[in-house]
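# build the 3D model from these lines:
(2 chains)
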Amino acid sequence: AQSVTQLDSHVSVSEGTPVLLRCNYSSSYSPSLFWYVQHPNKGLQLLLKYTSAATLVKGINGFEAEFKKSETSFHLTKPSAHMSDAAEYFCVVTGTIYNQGGKLIFGQGTELSVKP
Amino acid sequence: KAGVTQTPRYLIKTRGQQVTLSCSPISGHRSVSWYQQTPGQGLQFLFEYFSETQRNKGNFPGRFSGRQFSNSRSEMNVSTLELGDSALYLCASSFGVGRMNTEAFFGQGTRLTVV
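The predicted structure follows:
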């Protein structure tokens, strides 16, 4: 079965410092992986996706993630945090072998705080 | 291009009642999925509809049901509401075919409160 584990429930960084949000996945087939962000009282916004092309994926707002099959990881990074990055981040894996996006399995989320 | 639209945004219902939530997907998308978000359980998959057929189903009781119309709009229904059904219900749309078009786009959600 597909699953995702986000290793930190809360991460706090200072503005201008790097961000690292960690995610490990489990999949019985080659998965598609995503990071979504949710700001308070808002829906989910796609940050980036991995679909078996390049292992280093660049997303919006300066975020990127690297797919490492040997480590079953898909960590999200950003070189320099901005106050507007404060939100909850979800690592997501597709839930069926067809990877069609209709069934997504979410991690528990990592709340990112950014201090001035 | 218009995004995913969910109505209503907020609902307050009494235990035992039923409720219907609506979702209009992005134009051209044939897959609509529903998720329940609660502080305790996080985001959980309810079901997916593709071309008017339920294609995938999560582990929720039969009180949760849905359907999809020929224009891809979808509704979900919860009958005999319980206090634990209070949650943010999110709808997502995607193309539904093709490995390279896997991303799902989410609506703002419907906040359901059961009292």
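# what parts of chain B come near chain A?
Residues of chain B lying near chain A by CB under 8 Å from any CB of the partner chain: B:4, B:31, B:33, B:35, B:42-45, B:48, B:50, B:55-56, B:58, B:90, B:92, B:94-109. (Glycine included, C-beta is placed from N, CA and C.)
# mind checking which of those residues are in strands?
B:31, B:33, B:35, B:42-45, B:48, B:50, B:55-56, B:90, B:92, B:94, B:105-106 (DSSP state E).
# tell me which two of the residues you listed sit farthest apart.
Pairwise distances among these were taken by CB to CB; the largest, 24.3 Å, belongs to B:42 and B:50.
# for chain A, give me the ranges with low pLDDT.
A:97-101 (pLDDT under 70).
# before we move on, what about chain B?
Ranges of chain B meeting pLDDT under 70: B:1, B:98-102.
# residue closest to the middle of it?
Nearest residue to the geometric centre of chain B (CA atoms, centre = their mean): residue B:34, 2.9 Å.
# what residues are bridge-paired with it?
Beta-bridge partners for residue B:34, by DSSP bridges, are residue B:47, residue B:91.
# doesn't residue B:76 make contact with it?
Yes - under the criterion of CB atoms under 8 Å, residue B:34 makes contact with residue B:76 at 5.1 Å.
# joint contacts of these two?
B:23, B:46, B:47, B:66, B:89, B:91 (CB atoms under 8 Å, 6 or more residues apart in numbering or on different chains).
# run the chain-centre distance for the helix or strand where the fourth one lies.
In this structure, residue B:66 is located in strand B:64-68 according to DSSP states H and E. Centroid displacement of strand B:64-68 relative to its chain, using CA atoms, centre = their mean, to the nearest Å, is 8 Å.
# ditto for stretch A:20-35
That offset, for stretch A:20-35, works out to 8 Å (CA atoms, centre = their mean).
# chain A: strands as residue ranges?
With DSSP E as the criterion, chain A has strands spanning A:3-6, A:10-14, A:19-21, A:23-26, A:33-38, A:44-50, A:56-58, A:64-68, A:73-78, A:87-94, A:104-106, A:110-115.
# adding distance to residue B:8, write these out as a markdown table.
Compiled in a markdown table, those are given as follows (distance: least, CB to CB, whole Å):
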| stretch | distance to residue B:8 |
| --- | --- |
| strand A:3-6 | 31 |
| strand A:10-14 | 32 |
| strand A:19-21 | 33 |
| strand A:23-26 | 33 |
| strand A:33-38 | 20 |
| strand A:44-50 | 19 |
| strand A:56-58 | 36 |
| strand A:64-68 | 35 |
| strand A:73-78 | 33 |
| strand A:87-94 | 24 |
| strand A:104-106 | 24 |
| strand A:110-115 | 27 |
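# can I get those strands in JSON lines with distance to chain B and mean neighbour count?
Shown next, in JSON lines, are the strands of chain A (distance: least, CB to the nearest CB, whole Å; neighbours: other CB atoms under 10 Å in any protein chain shown):
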{"stretch": "strand A:3-6", "distance to chain B": "10", "mean neighbour count": "17"}
{"stretch": "strand A:10-14", "distance to chain B": "14", "mean neighbour count": "14"}
{"stretch": "strand A:19-21", "distance to chain B": "15", "mean neighbour count": "18"}
{"stretch": "strand A:23-26", "distance to chain B": "14", "mean neighbour count": "18"}
{"stretch": "strand A:33-38", "distance to chain B": "7", "mean neighbour count": "24"}
{"stretch": "strand A:44-50", "distance to chain B": "4", "mean neighbour count": "20"}
{"stretch": "strand A:56-58", "distance to chain B": "12", "mean neighbour count": "13"}
{"stretch": "strand A:64-68", "distance to chain B": "14", "mean neighbour count": "18"}
{"stretch": "strand A:73-78", "distance to chain B": "14", "mean neighbour count": "20"}
{"stretch": "strand A:87-94", "distance to chain B": "6", "mean neighbour count": "24"}
{"stretch": "strand A:104-106", "distance to chain B": "4", "mean neighbour count": "24"}
{"stretch": "strand A:110-115", "distance to chain B": "11", "mean neighbour count": "17"}
